[in-house]
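Visitor: Okay, predicted coordinates and the sequence, questions at the end:
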Amino acid sequence: MSNATQSQDVESAPLFSARVTAAAALSICESLMLALNDRNILPEHEIVGVLRDAAAAHSNHPDATEDSAFHVEVASLINRIIRGGNSVRRDDAPSGRT
C-alpha cells in the first residue's frame, strides 16, 4: 500500500474526522478566550474559572462509570491547559504582544 493510499484511508476514517473536529473546537475556544481577555471583557481569573468548571463537569460526570477513561482524560487535558496558560496570556509568560 502506497503512502498516498494509506493517508487517504486514515483521512477518511471517522476517528480522523473526530480528531479534526476536536482540534478545531479547542483552537476556536482558546482563541475566543484570548480575545475576551485581550479586550478586558473577561479577566484571567474568570477564564480560569470557566476552565475549572469544565474540568469539574467531566470529573463529576454522571456517566463516569460507563466512559470514565474518556471523562478523566478530558478533565486532565483541561487541567493541563490551565497549568500551561494556553487560553490566557499570563503576565509572567511571553505573549508576543507589543
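Guide: Sure, I can see it. Residues are numbered from 1 along each chain as shown.
Visitor: Quick one: residues contacting residue 80.
Guide: Contacts for residue 80 (Cβ atoms under 8 Å, 6 or more residues apart in numbering) come out as none. (Glycine included, C-beta is placed from N, CA and C.)
Visitor: In three-state terms, label it for me.
Guide: helix (DSSP: H, G, I helix; E, B strand; the rest coil).
Visitor: and if you look at residue 41?
Guide: Residue 41 - assigned by three-state DSSP - is coil.
Visitor: Could you tell me the backbone phi and psi angles at it?
Guide: phi -90, psi -40 (degrees, to the nearest 10).
Visitor: pLDDT below threshold where in this protein?
Guide: Flagging of the chain using pLDDT under 70 yields the residue ranges 1-12, 63-65, 86-98.
Visitor: and whichever strand or helix holds residue 28, which residues are buried?
Guide: Secondary structure from DSSP states H and E places residue 28 in helix 14-38. Within helix 14-38, the residues that count as buried by 16 or more other Cβ atoms under 10 Å are 29, 33-34, 36-37.
Visitor: Residue 52: which of those residues is nearest?
Guide: residue 33 (13.0 Å; Cβ to Cβ).
Visitor: Closest to residue 69 out of the buried residues of helix 14-38?
Guide: Proximity to residue 69 was ranked across the buried residues of helix 14-38 by Cβ to Cβ; first place goes to residue 29, at 22.5 Å.
Visitor: Please report the distance of the closest one from residue 66.
Guide: Distance check for residue 29 against residue 66: by Cβ to Cβ, to the nearest Å, it reads 25 Å.
Visitor: before we move on, what about residue 54?
Guide: 20 Å.
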